[in-house]
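Asks: Please work out how this folds:
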Amino acid sequence: MTLFDVYSLYDIEPVKGSGSHVFTADGTEYLDLYGGHAVISIGHAHPKYVKAVSDQVAQLGFYSNSVQNSLQTILADKLGKASGYPDYSLFLCNSGAEANENAVKLASFTTGRDNILAFGKAFHGRTSGAVAITDNPAIRSPFNTVDHVTFVPLNDFDAVRTVLETREYAAVIIEGIQGVSGIHEPTPEFLQFLSEECKKTGTLLILDEIQSGYGRTGKFFAHQHAGIRPDIITCAKGIANGFPAAAVLISPDIPAKKGMLGTTFGGNHLACAAAIAVLDVMEEENLVQNAAEVGEYLISELKKIPEVKDVRGKGLMIGMEVEGFSGSELRKKLLFDHHIFTGGAGQFTVRLLPALSLSREDADRFLSEFKKAVK
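Replies: Modelled structure (predicted):
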C-alpha cells in the first residue's frame, strides 16, 4: 500500500524538536517559524507538556463520553478563566473543521434557520459542512453544497447590511484573522458592526479562532482586540500543542439539549491532559504577552527591510510579501539555504506562525537570515 498522494512534500523529515527548533535524523537543526500550521503553541517537547501526557497515558488514555471525565471540567474551568469567557460552556471535539461544523449546526438548531453568511477568501476546514462555508471552489466537490451559504467581501459593511436585512440567517461565521488567504484582518470597526447587525437580526455570530486564537495575536482571541463577545467561538490548532483537539465555546444564551452534539474521541483523557498542560504553561510563562511583544518586534523590523513590500498581522500571526519572490520560492530558499521553516498562503505570501514562546534571540536569528535570503 502507498500513501494517497495529496501533499506536496519537502524532502526533509524532522524527527526531534525542542522549543522553536526541530532536528533531522542526522542532527541538522532548523528554526521553526511555522509551528506545523500554528499548532505548536508552547514549543516542541516542553517538559511540563511531556510529563502531563506521559503521566496520563500511563493511567488512562481513553474512555468514552458516556462516563464522567473530571479532566474535561478542569479544562473548561481553566479555559474559561484564561480566555475571559468563564460564563460560556464548552464542547470538545478533535479538529478545527469539526469545531466549525458543530458551531454552524448549533446555530441552526438554536435559531431554526438554515442560511449561513461567510466571507470572501474564508477558510473554515475541509470536511463537508466546513468546506461549504469556505470560499475556495478548488477544494469543494459537487457533494459539498453551498445552497444555504452566501459569501460577501471581508470588511464590506454595505454588503453585510443588505444580506442580513433581506434574508434570515442562522449565523455569520468569520475568522478572527484570515490565515489561509494570506493574513487578512477584519477591522475592529467591522467586527463591532457585525456584532450589532447580528443582534438586530437575531443572527448568531461565530468567531473562527482556530488559527488566530489561543494567544497568537497578543490577546487570547483575535476578536478581543475589537472588544466584542461572539455567540460561539471555535478553536483548535494550538489548543493541545500537537495532540488532536478542538473546542467550541458557547454563550450562556444558547440552550443545550441532550444528543444535539456528540463525538467519540473529543475531550478524551489524553487530549484534556495535553490541553490543560498548554494552558498551565501559557500562564506560567506569560506566553500571550510574549507573543504580543516578540510579534510587534518582528513586524516592526520586517517593515524596515526594503525588499519587503507588505507586512500584515498581529502578534505571532504574520504574513509578508517580498519583491522579486513568489511565496513558494522564498519558502524553499529559507528552508534549504537558511534552515528556517515558514508557511505560505496564495501565490506571494509567506506566513510566520511560530510557537508563542519564540524568543527575541530566535527572532533576531530569523531576521538576520531573512535579510540574506532576500538580497
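
Asks: Now do the end-to-end distance for stretch 20-30.
Replies: End-to-end span of stretch 20-30 (CA to CA, to the nearest Å): 9 Å.

Asks: before we move on, what about stretch 112-127?
Replies: Start-to-end span of stretch 112-127 (CA to CA) is 23 Å.

Asks: Now do the buried residues in it.
Replies: The neighbour-count check on stretch 112-127 (16 or more other CB atoms under 10 Å) flags 113, 115-119, 121-125 as buried. (C-beta placed from N, C-alpha, C; glycine too.)

Asks: just stretch 237-255 next, same as before
Replies: 237-251, 254.

Asks: one step back: hmm, which two among the buried residues of stretch 112-127 are most spread apart?
Replies: Comparing every pair within those by CB to CB identifies Arg113 and Lys121 as the most remote, at 24.5 Å.

Asks: distance of the residue nearest to Lys51 when sequence neighbours are not counted from Val53?
Replies: Leaving aside its chain neighbours, Lys51 sits nearest to Ala277 (7.9 Å; criterion: CB to CB, 6 or more residues apart in numbering). Look at Ala277 and Val53: by CB to CB, to the nearest Å, they are 7 Å apart.

Asks: cool, Gly120 as well?
Replies: Distance from Gly120 to Val53, by CB to CB: 39 Å.

Asks: Need phi/psi at Leu71.
Replies: Here is the backbone geometry of Leu71 (degrees, to the nearest 10): phi -60, psi -30.

Asks: Would you enumerate the residues in contact with the nearest residue to it once chain neighbours are set aside?
Replies: Of all residues not flanking Leu71 in the chain, Cys272 sits nearest, at 3.6 Å (CB to CB, 6+ apart). Neighbouring residues of Cys272 by CB atoms under 8 Å, 6 or more residues apart in numbering: 69, 71-72, 74-75, 92, 245.

Asks: Next step: the buried residues of stretch 112-127 restricted to strands.
Replies: Within those, residues falling in strands by DSSP state E are 116-119.

Asks: Using CSV, lay out these together with pLDDT.
Replies: Output for those, formatted as CSV (pLDDT from 0 to 100):
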residue, pLDDT
Ile116, 98
Leu117, 98
Ala118, 98
Phe119, 98
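
Asks: Serialize the contacts of Cys272 to TSV and add fields for distance to Ile299.
Replies: TSV is the format used below for these (distance: CB to CB, whole Å):
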residue	distance to Ile299
Asn69	41
Leu71	37
Gln72	37
Ile74	35
Leu75	32
Leu92	33
Ala245	29
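
Asks: nearest to Tyr63, of the residues you listed?
Replies: Ranked by distance to Tyr63 (CB to CB), these are led by Asn69 at 7.2 Å.

Asks: Helices of the chain, start to end?
Replies: Assigned by DSSP state H, the chain shows helices spanning 35-38, 47-59, 70-83, 96-111, 128-132, 157-166, 188-201, 269-284, 287-302, 327-338, 360-374.

Asks: Tell me which of those approaches Thr150 most closely.
Replies: Comparing the helices of the chain by CB to CB, helix 157-166 comes nearest, at 5.7 Å.

Asks: List the buried residues for that closest one?
Replies: 159-161, 163-164.

Asks: same deal with stretch 195-211?
Replies: 195, 197-198, 203-211.

Asks: of all those residues, which two lie farthest apart?
Replies: So, those by CB to CB: farthest apart are Glu197 and Gln211, at 24.3 Å.

Asks: Could you list the domains of the chain?
Replies: 14-46+287-374, 47-284 (automatic domain parsing).

Asks: I'd like to know which of the ones you listed lies nearest to Val6.
Replies: Nearest to Val6 among the domains of the chain is domain 47-284; the distance by CB to CB comes to 10.4 Å.

Asks: Of the contacts of Cys272, which is the most crowded?
Replies: Most neighbours among the contacts of Cys272, by other CB atoms under 10 Å: Ala245, with 28 neighbours.

Asks: out of everything not next to it in sequence, what's closest to it?
Replies: Excluding its sequence neighbours, the residue lying closest to Ala245 (CB to CB, 6+ apart) is Ala271, at 4.2 Å.

Asks: Could you check how far that neighbour is from Leu207?
Replies: From Ala271 to Leu207 the distance is 22 Å (CB to CB).

Asks: And Asp364, by the same measure?
Replies: From Asp364 to Leu207 the distance is 33 Å (CB to CB).

Asks: what about the closest residue to Gly84 other than its chain neighbours, neighbour count?
Replies: Nearest residue to Gly84, sequence neighbours excluded (CB to CB, 6+ apart): Phe220, at 6.3 Å. When neighbours are counted by other CB under 10 Å, Phe220 registers 21.

Asks: Now that Phe220 has come up, it's in contact with Leu79, right?
Replies: No. The criterion here is CB atoms under 8 Å, and Phe220 misses it with Leu79 at 9.3 Å.

Asks: ok, the closest residue in space to Ser128 that isn't next to it in sequence to Ala130 distance?
Replies: Spatially, and ignoring its direct neighbours in sequence, Ser128 is nearest to Asn144 (5.5 Å; CB to CB, 6+ apart). Distance from Asn144 to Ala130, counting by CB to CB: 9 Å.

Asks: Which one's more surrounded, those two?
Replies: Ala130 (24 against 18).

Asks: circling back to that earlier point, roughly how far apart are the residue nearest to Lys51 and Ser41?
Replies: Look at Ala277 and Ser41: by CB to CB, they are 11 Å apart.

Asks: Settle it for me: which of these two has more neighbours?
Replies: Neighbour count, other CB under 10 Å: between Ala277 and Ser41, Ser41 has more, with 30 against 24.
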